[in-house]
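A.B. asks: I'd like to go over a predicted model; first the sequence, then the structure.
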There are 2 protein chains.
Amino acid sequence: MTELPDGSVWIDAETKIADAPADHRDDLRLWLRLLTCTNLIETEIRRKLQSHFDFTLPRFDLLAQLDRAEDGLVLGEVSKRLMVSAGNVTAIVDRLIGNGHITRSPAPHDRRVQIIRMTPEGRRAFRAMAGQHGDWIGDMFDDLGPGDIEMLMGLLANLKGSVRRSLSNGGAS
Amino acid sequence: MTELPDGSVWIDAETKIADAPADHRDDLRLWLRLLTCTNLIETEIRRKLQSHFDFTLPRFDLLAQLDRAEDGLVLGEVSKRLMVSAGNVTAIVDRLIGNGHITRSPAPHDRRVQIIRMTPEGRRAFRAMAGQHGDWIGDMFDDLGPGDIEMLMGLLANLKGSVRRSLSNGGAS
DNA sequence: CGGATATATTTTGAACCTAAAGTAATGGAT
DNA sequence: ATCCATTACTTTAGGTTCAAAATATATCCG
């Protein structure tokens, strides 16, 4: 048994006893790569949305939710689906109303509730942007084969599961 | 040859002629999953950094760069490494100076250049946070085996390559 | 030397984002 | 009927982010 530089102890090629704090080096490298990849793509999408349509990603994301809801959506539902705070939704909605892409009206049965709906121009604008958006993503992912995509989907599902487990455990507080 | 519902044409099990706009459905699903995963982890790290240390992720990231540079870093270099705008670096640096974590001083050879360095308290605070940060990531990634991690590293490297190719081609404008 | 150009940083204005406080309306429970 | 808790949303204050304009300094060229 040999003492290693980091203070842990080497048993064989597969076993390392954690008598010293684990360093999580590979996890951190993977996290960094994941973050870099995502930011690279997201930044490019933001840039293109801005230069082609003078639009922002949060507004696009909100319209994407609304596009699938023929009867509009309640603000709370939008907040949940986009996983952003209610106050944030209010701000984005205000701007989309200002541009004429959506409307906001109180629900008839409960005056606390506000329902937003796409206007025809909003829908038209969104459809045009969504088509381009799909092409942009398609182009950025073009080197990945169907097998790569499937494998990534699976591994990311595992990761998501692991993260959710950690969250529900109050993991490491 | 059969007309399909989406307007494209079926040849055999492997070939589909794109006379209709491609829909990139799988690419979009993968992108959505990637984004969701990353945001889930990032949000949790932000939350824990805030509740445990009253600190923010951008400030942590800046200190992480500075921690490895014994002689400090020039602001432009920080901007490049963090991949954020120079104006953004200025704002974060101002706050870190306010908290006493770093210092800023003009370079002797070129008075345009500002060099930032960690203070001893800054270094101490960062080291404490970095240890916890590693544990948090380690816990969130705990369900992934070494094989999963290696495979993800490889697939994400492929994706990164694909994205960079697309960017350099001015892909889809 | 002097002027044009380039570089490094800061400032400004606008958008996004959150947590927490505030407002308004609903739905009990007594 | 009235109080109380809950719910839905908005407002506020503070931090992050960018693009573009402003500032200051350095460098190059004639």
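C.D. replies: Sure thing, it's come through.

A.B. asks: and the next helix or strand past the helix-or-strand element of chain A with minimal mean pLDDT?
C.D. replies: None of the helices or strands of chain A scores lower by mean pLDDT, DSSP states H and E than strand A:16-17, at a mean of 50. Downstream of strand A:16-17, the first helix or strand assigned by DSSP states H and E is helix A:25-53.

A.B. asks: anything in that next one near chain B?
C.D. replies: Yes - on the criterion Cβ under 8 Å from any Cβ of the partner chain, helix A:25-53 is in touch with chain B at A:26-31, A:33-42, A:44, A:48, A:52. C-beta here means a position set from N, CA and C on the backbone, and glycine is covered the same way.

A.B. asks: ok, how many other residues are close to the residue in chain A positioned nearest to DNA strand D?
C.D. replies: Minimum separation of chain A from DNA strand D (Cβ to the nearest atom of the strand) falls at A:G87, amounting to 2.5 Å. As a burial measure, A:G87 scores 8 neighbours (other Cβ atoms under 10 Å in any protein chain shown).

A.B. asks: name the residues of the helix or strand harbouring it that come out as buried.
C.D. replies: Using DSSP H and E, A:G87 sits within helix A:86-98. By neighbour count with 16 or more other Cβ atoms under 10 Å in any protein chain shown, helix A:86-98 contains the buried residues A:V89, A:I92, A:V93, A:L96.

A.B. asks: identify the farthest-apart pair in those.
C.D. replies: Using Cβ to Cβ, those span at most 10.3 Å, a distance reached by A:V89 and A:L96.

A.B. asks: list residues touching both of these two?
C.D. replies: Shared contacts of A:V89 and A:L96, defined by Cβ atoms under 8 Å, 6 or more residues apart in numbering or on different chains, are found at A:L62.

A.B. asks: before we move on, back to that, which other helices and strands does the helix holding A:G87 contact?
C.D. replies: For helix A:86-98, the elements it packs on are helix A:57-67, helix A:75-82, strand A:102-106, judged by 3 or more Cβ pairs under 8 Å, 6 or more residues apart in numbering or on different chains; DSSP states H and E.

A.B. asks: so does it get close to DNA strand C?
C.D. replies: Yes - using Cβ under 7 Å from any atom of the strand, we find that helix A:86-98 touches DNA strand C at A:A86, A:G87, A:N88, A:A91, A:I92, A:R95.

A.B. asks: which among those gets closest to chain B?
C.D. replies: Nearest to chain B, judged by Cβ to the nearest Cβ, of these is A:N88 at 13.1 Å.

A.B. asks: quick one, what contacts the closest one?
C.D. replies: A:P58, A:S79.

A.B. asks: 10 Å - rerun?
C.D. replies: Each residue near A:N88 by Cβ atoms under 10 Å, 6 or more residues apart in numbering or on different chains is listed here: A:P58, A:V78, A:S79, A:L82.
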